[in-house]
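Visitor: Need coordinates for the following:
(one chain, ligands or ions: 1)
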Amino acid sequence: MRVMEYTQSTVKSNKRKIMSFEQLALHHKILKALEELGYETPTLVQEKVIPKVLKGHDIRASAQTGTGKTAAFLLPALERLMTPSTKPGKGPRILILAPTRELAMQITSQAEKYGKYLNRLKVVCLMGGVPYPMQIRNLKQPYEILVATPGRLQDFIDRGTVKFSRLEMLVIDEADRMLDMGFAEPVEKIVSITPETRQTLLFSATLKGSVVQLSDRLMNKPMEIHAHAKKEKHENIFQKLHFVDNLPHKNRLLDHVLKDVSEGHAIVFTSTKRHADQLVGELKEKGHRAAALHGDMNQRQRTRAINGLRKGAFNILVATDVAARGIDVPSITHVINFDLPQNGEDYVHRIGRTGRAGANGTALSFAAKRETSLVKQIEKYTGQTIAITTVEGLEPRTTEAPSTKKKRFHPRPYSQKKFRPKPKFSRR
Ligand code: AMP
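Guide: Residues are numbered from 1 along each chain as shown. Model (predicted):
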């Protein structure tokens, strides 16, 4: 068997040589950390957002995951911390709200990296699935940045453990997902107890409908920034579609494709948690190194799964949508949609797990013929056509165009017929 059409051609790097980080007037301690991380130039969203934030504007920005949006708000936030607070009391100077635990952890780790050379910078992360005592201990120390999921933060606010008297900046990340997950009310409740003088930033994959309405309620004459660069079109990700006949066909195809991934790392998306677990079992039986990541796992298990992938303990993560949002493992070479996502937005989030920071990636989707309209809907959302591909020996039975296919009638044997034909002389 041979995989067809998988060869990746060289694509242009998404890094543009228009501006340097020095031109963004960031503190040399921040620049030093960026240099160490190998960041050469700001991404488009960083270039557009950072100067406006440094000027103190409220911003709502449409930027998808994988574009460098986290640094777009963290870098100016850290710049603010270079000037000591004039306000008394404890509590965060910067509050970042994230819809999922993975994203919250990701933001926390990035804040620590970018703020590595800032004196005594402390970042606290509050999220569900983690024991309270440790988080309570962290909140007792002085800290500047608080990253939190809305539910757990509300708990701490209700206990009187978090106060916002010193708060200068509020960031709402992935606002669209926040609303999808039903967090509109807790977010508004949290924002209502923060100082009116705060600067507010909101990031969302799309800026429309309820996201705009939310930002209108929470922000003061926000500037709107649309950062749709090449990378957001995922031009560095090679998207392919396999038509499949049924589940056994999908399984055979997955087994085959994963052999191709032996050198890299893959995330396989399923639509249910149960199927994710089941698929991990099946893959292990076939000799693959796989682990699951889904919402029924506690935080320790989820962290272990992501770290296991990062460190190469296994190279395949079978995940569901919510759990995988925010995963940033640069070595992920393949995203495989074993089950199609529900919509274009989820598709973009899924495939954005590969091709991180300018690398190339491959995104494969398995679809039944009857899912063609969903595929079209995804293509309309991304504005890109997904190339149909086949693997020799594993072609679907249903690829022929209906017009060229001659209909043949195969009568069922009499014994299999549900109803016997009427007796010949029944009218007598
Ligand atoms: P994000 O969209 O914030 O999830 O970032 C996607 C990835 O890009 C992360 O791995 C970041 O570490 C990386 N990144 C962010 N900004 C830059 C930059 N200016 N140059 C290179 N990599 C970057």
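Visitor: what sits against the residue nearest to Thr272 when sequence neighbours are not counted?
Guide: Nearest non-adjacent residue to Thr272, counting by Cβ to Cβ, 6 or more residues apart in numbering: Thr320, 7.0 Å away. Every residue, glycine included, has its C-beta placed from N, CA and C. Residues near Thr320 by Cβ atoms under 8 Å, 6 or more residues apart in numbering: 269-273, 276, 293-295.
Visitor: go on, Lys90?
Guide: 142, 163, 166.
Visitor: Buried among those? Need that as a selection in PyMOL.
Guide: Here is the PyMOL command that selects the buried residues among the contacts of Lys90 (16 or more other Cβ atoms under 10 Å):
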select buried, resi 166
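Visitor: So which of the contacts of Lys90 is the closest to Lys69?
Guide: Minimum separation from Lys69 among the contacts of Lys90 (Cβ to Cβ) is found for Arg166, which lies at 25.1 Å.
Visitor: Phi and psi next, for that closest one.
Guide: phi -100, psi 0 (degrees, to the nearest 10).
Visitor: Quick check: it touching Ser85?
Guide: Yes: applying Cβ atoms under 8 Å as the test, Arg166 and Ser85 come out as touching, 5.5 Å apart.
Visitor: Name the residues contacting each of those two.
Guide: Arg93.
Visitor: Get me the contact residues on this structure for the ligand.
Guide: Applying Cβ under 6 Å from any ligand atom, we find that the chain lies next to the ligand at 39, 42-43, 46, 65-71, 328, 330, 356-357.
Visitor: what's the lowest-pLDDT member of those?
Guide: Lowest in pLDDT among these is Ala357, which has 69.
Visitor: In this structure, what helix or strand scores lowest on average pLDDT?
Guide: helix 321-324 (a mean of 74; mean pLDDT, DSSP states H and E).
Visitor: Give me the residues contacting that one.
Guide: 100, 102, 181, 267, 269, 293-295, 297, 302, 317, 341, 346, 349-350, 353.
Visitor: Go ahead and flag the most central residue of this protein.
Guide: Arg325 (3.3 Å; Cα atoms, centre = their mean).
Visitor: and the closest residue to that one other than its chain neighbours, what pLDDT?
Guide: In space, and not counting its chain neighbours, Arg325 is closest to Thr100: 5.1 Å by Cβ to Cβ, 6+ apart. Predicted confidence (pLDDT) for Thr100: 93.
Visitor: any idea how far Thr100 lies from Gly151?
Guide: Per Cβ to Cβ, to the nearest Å, Thr100 is found 11 Å from Gly151.
Visitor: Give the phi and psi angles for Asn246, as a check.
Guide: phi -160, psi -180.
Visitor: dump the residue contacts of it.
Guide: Listed by Cβ under 8 Å, 6+ apart, the contact partners of Asn246 are Ala368.
Visitor: try Val191
Guide: 170, 200, 218.
Visitor: about what we covered before: looking at Thr100 and Gly151, which has the bigger crowd around it?
Guide: Thr100 (25 against 14; other Cβ atoms under 10 Å).
Visitor: Would you agree the more buried one is in contact with Ala319?
Guide: No: the criterion here is Cβ under 8 Å, and Thr100 misses it with Ala319 at 12.0 Å.
Visitor: where along the stretch 201-350 of the chain do the strands fall?
Guide: 223-226, 237-244, 265-269, 290-293, 316-319, 332-337 (DSSP state E, counting those that start in this stretch).
Visitor: Mark out where each domain of this protein begins and ends.
Guide: 2-231, 237-404 (automatic domain parsing).
Visitor: List buried members of the contacts of helix 321-324 by neighbour count.
Guide: Neighbour-count burial (16+ other Cβ under 10 Å) applied to these gives 100, 102, 181, 267, 269, 293-294, 297, 302, 317, 341, 346, 349-350, 353.
Visitor: So of those, which two are at opposite extremes in space?
Guide: Met181 and Leu317 (21.1 Å).
Visitor: Give me the pLDDT for Tyr6.
Guide: Per-residue pLDDT puts Tyr6 at 26.
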